[in-house]
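In: Need coordinates for the below:
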Amino acid sequence: MLNNNYSQILRNLFFNIAYQTGTSKLFRWILSKNNDLVILTFHRVSDDIDQMWPPMPISSFRSLMEKLVQEFRIIDINDLTRLPANSGSPYMVVTFDDGYSDFVENAVPILLDLGIPACHSVCPSLIDRRRPPWTQILSVCLNSFEQKYLKLPDGTNFKISEPVNEKMFLALCDRLYAVDDEVRSLWVDNLAETLKVTFDLYSMMTWDDIRSCIRNGFSIGSHSYSHRNLSKVMELELLDTEISFSRQRILDETGVAPSVFSFPSGLYSDNSLKVVKKSGYSIALLCDEMPANISMINNSNELLCLPRINIGRTNWKEEVFRSSAFHYRINRITNRN
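Out: A predicted model of the protein is given here:
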């Protein structure tokens, strides 16, 4: 734990100094030179404490947005196909996933105050049930789990570390991703019921909230019907439910058919892409942690499959660098042979 804390202190120090020296301007210049577009994705904006999935604090979100709106041209995602080449500040799109209610409570007032458009992709099943994704439910359950081993759906035992840590939690999620979605969902729900956990800190938006977002100028996309791993869904009927029915459900509730489909965890297959295109979406969002290219977007008559950069750390000055594709550029340099 001390090593982790020391490492984080050094990390924060590095990015604080780099921010003060204006180093991030170099990466924004590279974005403009390459005619690149950055699409950011957020999940939660809240001051709640969560060890496994820490949300971005409200003050950090405001500071980051105030900085980005000065240095990027932040546009509505539905304007992507009408972009001229970069001249000056690079383009940026802001997106959210999952449908947490803290978007309405904490993010929307800041976005409206700064005049920043955003697209929030939701899962109709999670909105209907008012339950967060299974990974969030599992995280809450582990905070209340007091035994040494957790019996998994396949009958094997998984050792729970004390205290619960991110490495162990991600290993557990990997084991559960291999389980059938229906079986895993039932298992997680039963675990939550057995432990009598509540999800007060992880409430989802209501359909009224979503309609209010649309009235305020925000776009709503689909994040699948129930947050499944679509790369492993082979049945076309189930893909149709997760993709086509999700779009219809949002249309029925809001009167607006979403043009954007955001793949849960960025995972997809050739079949799922075909269903997304057939269902009437024009943009598919992935999680490749890299910028997109405007020339590619303008020259495409097909479904736009666009990468995004995940944002959400508590140190907003580091996120200024991630927003400028800093990590992507550094990885490319360090991985060259």
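In: Can you get me the start-to-end distance on stretch 252-269?
Out: Across stretch 252-269, the straight-line distance between its terminal residues is 27 Å, by C-alpha to C-alpha, to the nearest Å.
In: buried set for that stretch?
Out: By neighbour count, with 16 or more other C-beta atoms under 10 Å as the criterion, the buried positions of stretch 252-269 are 253-254, 258-269. For glycine as for every other residue, the C-beta is placed from the backbone atoms N, C-alpha and C.
In: pLDDT for these - can I get that in TSV?
Out: As requested, these are exported to TSV (pLDDT from 0 to 100):
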residue	pLDDT
253	98
254	98
258	97
259	96
260	97
261	97
262	97
263	96
264	92
265	88
266	89
267	89
268	92
269	93
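In: and which of the residues you listed is nearest to residue 284?
Out: Set against residue 284, the nearest of the buried residues of stretch 252-269 by C-beta to C-beta is residue 261 (5.1 Å).
In: Where does residue 150 sit: helix, strand or coil?
Out: In the three-state summary, residue 150 is assigned as strand, counting by DSSP: H, G, I helix; E, B strand; the rest coil.
In: wait, isn't it in contact with residue 161?
Out: No. Counting by C-beta atoms under 8 Å, residue 161 is not a contact partner of residue 150; they are 11.0 Å apart.
In: of these two, who's got more company?
Out: Counted by other C-beta atoms under 10 Å, residue 150 and residue 161 do not tie: residue 150 has more neighbours, with 17 against 13.
In: for the stretch 1-150 of the chain, what are the low-confidence residue spans?
Out: Across the stretch 1-150 of the chain, the ranges flagged by pLDDT under 70 are 1-9, 11-12, 14-15, 18, 85-88.
In: Could I get the full set of strands for it?
Out: For the stretch 1-150 of the chain, the strands identified by DSSP state E, counting those that start in this stretch occupy 36-42, 73-74, 91-98, 119-122, 149-151, in order along the chain.
In: Residue 29 - how many residues pack around it?
Out: Based on other C-beta under 10 Å, the number of other residues close to residue 29 is 12.
In: Measure how buried residue 227 is and give me the count.
Out: Other residues near residue 227 come to 24 when the count uses other C-beta under 10 Å.
In: Assign a three-state SS to it, would you?
Out: Per three-state DSSP, the local secondary structure of residue 227 is coil.
In: List the residues that contact it.
Out: Under the criterion of C-beta atoms under 8 Å, 6 or more residues apart in numbering, the neighbours of residue 227 are 98, 123, 125-126, 133-134, 264.
In: Now do the helices in the stretch 151-300 of the chain.
Out: If DSSP state H, counting those that start in this stretch is used as the criterion, the helices of the stretch 151-300 of the chain fall at 166-177, 181-195, 207-215, 236-240, 246-254, 270-278, 294-298.
In: where in the stretch 151-300 of the chain is pLDDT low?
Out: In the prediction, the stretch 151-300 of the chain carries residues with pLDDT under 70 at positions 299-300.
In: so where does residue 312 fall, helix or strand?
Out: Under the criterion of DSSP states H and E, residue 312 resides outside all helices and strands.
In: What sits closest to residue 27 if chain neighbours are left out?
Out: Of all residues not flanking residue 27 in the chain, residue 324 sits nearest, at 3.7 Å (C-beta to C-beta, 6 or more residues apart in numbering).
In: Thank you, goodbye.
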